[in-house]
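>>> sequence? don't have it. structure:
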């Protein structure tokens, strides 16, 4: 139904009134913050001046008051920042909702809330329970879950707004048709260097992931372009809103690489939240491994395969396998039971401890502890017994105990011992062992085994302050990694997102991410089966690479077919056309060598991005496929030549390369 002139005039008037209220609120809040800051400063000066004259009770009361004031000030300041962010674009949608009891609501939805002086909502936060109806229902019967229970009724109108710099540019009424005008307008825009929020176009299947708080762990399988990463970030924003006392420092995102971390860095601030803690599994390996100058990255590990630099792929496959997990578990159990004391020790002249006494403590009393922790507990117990509870000589006892044990407890040595033992189904050659012991950089596949073995014997470092963990590109983590992560964050809730079709690890692949529910108990498995990134022409082409047929395209067709070219002249000609037509253009190669070759052909017009890059401008780049994961571009040229053809075993990598394209895809098979 068309919007009447009277309705349009009314909406302009409402917007004008809301903008005025926001500016008034900002002025009031700014003055309040100035006054509060002055009070805080005076209070702290007073507390410092008279602290020596106060008793313990007064100091406690003073600290409590200070903490409460700090919290109020921080809350006010955070809301001030959010309100300032929406002052020129206060809302993006509205609903008319009539409850079954006859109560009517006009609900305007924005990035944050606004209340009047009577605390009535003028704007609702998009994460508020009542706002969920915008994402979940068409016009007609609808409901939402309020603190007092389910509220049922009828949506009589859904309206969307495009507001720029405080001006109402466009508005229209719509239902939940995912081909709606606003979504198509967003999809038609050119990509940018940073990922943007999708709060005004979140779809129902995405919303079911974002707002799920019933399940402890979510495992989300989403096809290429289904918005997995955006969903993950909006879910974080929702959890920060919904869960009391959860803040950004309690949330950790595992990103695939630093390029990806930089790419997503704007989303949470756009949603009014601080960026969370972010890491890569590589960072954890670096912090956990001693004895090496560096640890090979996952991308370097992948690069070795595609460059043909792995002389023993069967051994690498074993090190990456699920099978090695049980082998390491059995070995660690055996080691912990058989690495006994063969002699005792004497500390000083009178404190003597026999091998029998030490083994009694090692194998019985402290048998439930990790092996290395047992040794430390024995040192503590004996030191305290010998010196009447004093612990001043614990380090001396630790050294004496390890000497009495007579076993090399360096994890490097134990690693080698495993591969020489009956528990390892594949052995390392003497040459490989020598390289492992003497190299300055530990290989990625060895690093995973090293860290897991170390955790079994020395315990895994427990991170108690992390309550929510988000893992993106989940298909690129093997089960050994997930076991390590689950033991480190053993009380955390997990959101795990990936796509088995985008696996780039040639040594490991899941049949389904649902397999992870054996590690993460109390899990809900969800699927995102619609793609918002690519045109139908691109999706039809990429489907054929892997024999897929379940992908649903949302973008309207642009009638630009996928083009195949065979010469450098055609490559240069088409690249020049793409540069004039689109904002972001990527030439995606199979490996680093091909990327360098293309870079030399095209000169400085395109930036060369590799596994070591951290910052980059996305407008014109040349990038290997395994580094391009998670990114998207207006146009993509997938390059290969006689030295870098994709084999049948590398179809997943080709699929990753092709699915980075939004509007146009060119396949360059250079002869």
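Structure received. Quantities reported herein were computed from a predicted structural model and do not represent experimental measurements.
>>> which SSE is residue 383 in?
Taking DSSP states H and E as the definition, residue 383 sits inside helix 371-386.
>>> model confidence over that helix, on average?
For helix 371-386, the mean per-residue pLDDT is 94.
>>> what's that helix packed up against?
Under the contact definition 3 or more Cβ pairs under 8 Å, 6 or more residues apart in numbering; DSSP states H and E, helix 371-386 sits against helix 323-338, strand 351-353, helix 394-405, helix 444-458. The C-beta positions use only the backbone N, C-alpha and C, and glycine is treated the same way.
>>> Please name the residues that touch the residue nearest to residue 110 when sequence neighbours are not counted.
Spatial nearest neighbour of residue 110, chain neighbours left out: residue 91 (3.9 Å); criterion: Cβ to Cβ, 6 or more residues apart in numbering. Applying Cβ atoms under 8 Å, 6 or more residues apart in numbering, we find residue 91 in contact with 18, 108, 109, 110, 123, 161, 163.
>>> how much space between residue 91 and residue 117?
Applying Cβ to Cβ, to the nearest Å, the value for residue 91 to residue 117 is 19 Å.
>>> re earlier: double-check that the residue nearest to residue 110 belongs to a helix.
No - counting by DSSP: H, G, I helix; E, B strand; the rest coil, one finds residue 91 to be coil, located in no helix.
>>> So what's the gap between stretch 394-402 and the chain middle?
The chain centre lies 42 Å from the centre of stretch 394-402; the measure is Cα atoms, centre = their mean, to the nearest Å.
>>> Residues contacting it, please?
Residues from elsewhere that reach stretch 394-402, judged by Cβ under 8 Å, 6+ apart: 345, 347, 358, 375, 376, 378, 379, 380, 382, 383, 409.
>>> right, and the first one touches residue 403 too?
Read that as residue 345. Yes - the pair residue 345 / residue 403 is scored as a contact, 6.9 Å apart, by Cβ atoms under 8 Å.
>>> so what's residue 307 closest to, chain neighbours aside?
Nearest residue to residue 307, sequence neighbours excluded (Cβ to Cβ, 6+ apart): residue 591, at 5.8 Å.
>>> State the three-state secondary structure for the residue nearest the centre of the chain.
Geometric centre of the chain, nearest residue: residue 253, 3.4 Å, by Cα atoms, centre = their mean. For residue 253, the assignment made with three-state DSSP gives strand.
>>> Now intersect the contacts of residue 91 with the helices, please.
Using DSSP state H, the subset of those located in helices is residue 18.
>>> Of the contacts of residue 91 - the most surrounded one?
residue 110 (29 neighbours; other Cβ atoms under 10 Å).
>>> separation between that one and residue 128?
Noted for residue 110: a distance of 10 Å to residue 128, by Cβ to Cβ.
>>> same thing with residue 612?
Distance of residue 612 to residue 128, given as Cβ to Cβ: 43 Å.
>>> Mind checking which of these two has more residues around it?
The residue with more neighbours, out of residue 612 and residue 128, is residue 128; 17 against 12, by other Cβ under 10 Å.
>>> give the contact list for the closest residue to the more buried one other than its chain neighbours.
Distances taken as Cβ to Cβ, 6+ apart place residue 113 nearest to residue 128, at 7.1 Å, with adjacent residues excluded. Listed by Cβ under 8 Å, 6+ apart, the contact partners of residue 113 are 121, 123, 124, 125, 128.
>>> Hmm, the fourth one is touching residue 241, no?
In other words, residue 125. Yes - the criterion here is Cβ under 8 Å, and residue 125 meets it with residue 241 at 6.7 Å.
>>> more crowded one of the two?
Taking other Cβ under 10 Å, residue 125 and residue 241 do not tie; residue 125 has more neighbours (20 against 16).
>>> Once you drop chain neighbours, what's closest to that one?
Of all residues not flanking residue 125 in the chain, residue 113 sits nearest, at 4.5 Å (Cβ to Cβ, 6+ apart).
>>> how about the helices in the stretch 1-150 of the chain?
Taking DSSP state H, counting those that start in this stretch as the criterion, the stretch 1-150 of the chain carries its helices at 5-50, 56-85, 132-136.
>>> now do the stretch 401-550 of the chain
Secondary structure of the stretch 401-550 of the chain (DSSP H, counting those that start in this stretch): helices located at 411-420, 430-438, 444-458, 479-488, 536-546.
>>> between those helices, which one is nearest to residue 215?
Each of those has some distance to residue 215 by Cβ to Cβ; the shortest is helix 479-488, at 15.9 Å.
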